[in-house]
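Chemist: this is a predicted model, with the sequence first.
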Amino acid sequence: MQDIKVLGSGCAKCEKTASLIEKLAQEQGASVTVEKETRPEALITYGVMRTPAVVIDGQLVHSGGIPATTDIVSWFKQN
C-alpha cells in the first residue's frame, strides 16, 4: 500500500489533486491511502515551494499544480 500525502493550504487545487488521486487509484485498483496535509511544517519538511505537492512513501514526486493523469497513473505502477 502506498502512503500518499497531498501538501498544501487546502485550496481548491489541493482538494482536486487529492480527489483525482483517489479516483484514479480506485480505477487502477491501486492500494493507497491519501492524506491531505495543510500544516506549514510539512511543506518545510519536504522543501515544497509551490502547492499542491504530492509525497509518496516519504518522497516528494510533484509540486506546483494539479498533476497530469498520466503522471498519477505512473506513480501507482512504480510500486
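Modeler: In hand now; what should we look at?
Chemist: for the host helix or strand of Lys36, packing partners?
Modeler: Using DSSP states H and E, Lys36 sits in strand 32-37. Judged by 3 or more C-beta pairs under 8 Å, 6 or more residues apart in numbering; DSSP states H and E, the packing partners of strand 32-37 are strand 2-7, helix 12-28. From N, CA and C alone the C-beta is placed, and that goes for glycine too.
Chemist: the closest residue to His62 other than its chain neighbours in helix, strand or coil?
Modeler: Using C-beta to C-beta, 6 or more residues apart in numbering and skipping the chain neighbours, the partner closest in space to His62 is Val54 (4.2 Å). Recorded secondary structure, Val54: strand (DSSP: H, G, I helix; E, B strand; the rest coil).
Chemist: state the distance from Gln59 to Gln26.
Modeler: For Gln59, the distance to Gln26 equals 23 Å [C-beta to C-beta, to the nearest Å].
Chemist: quote the end-to-end distance of stretch 31-50.
Modeler: Start and end residues of stretch 31-50 are separated by 27 Å (C-alpha to C-alpha, to the nearest Å).
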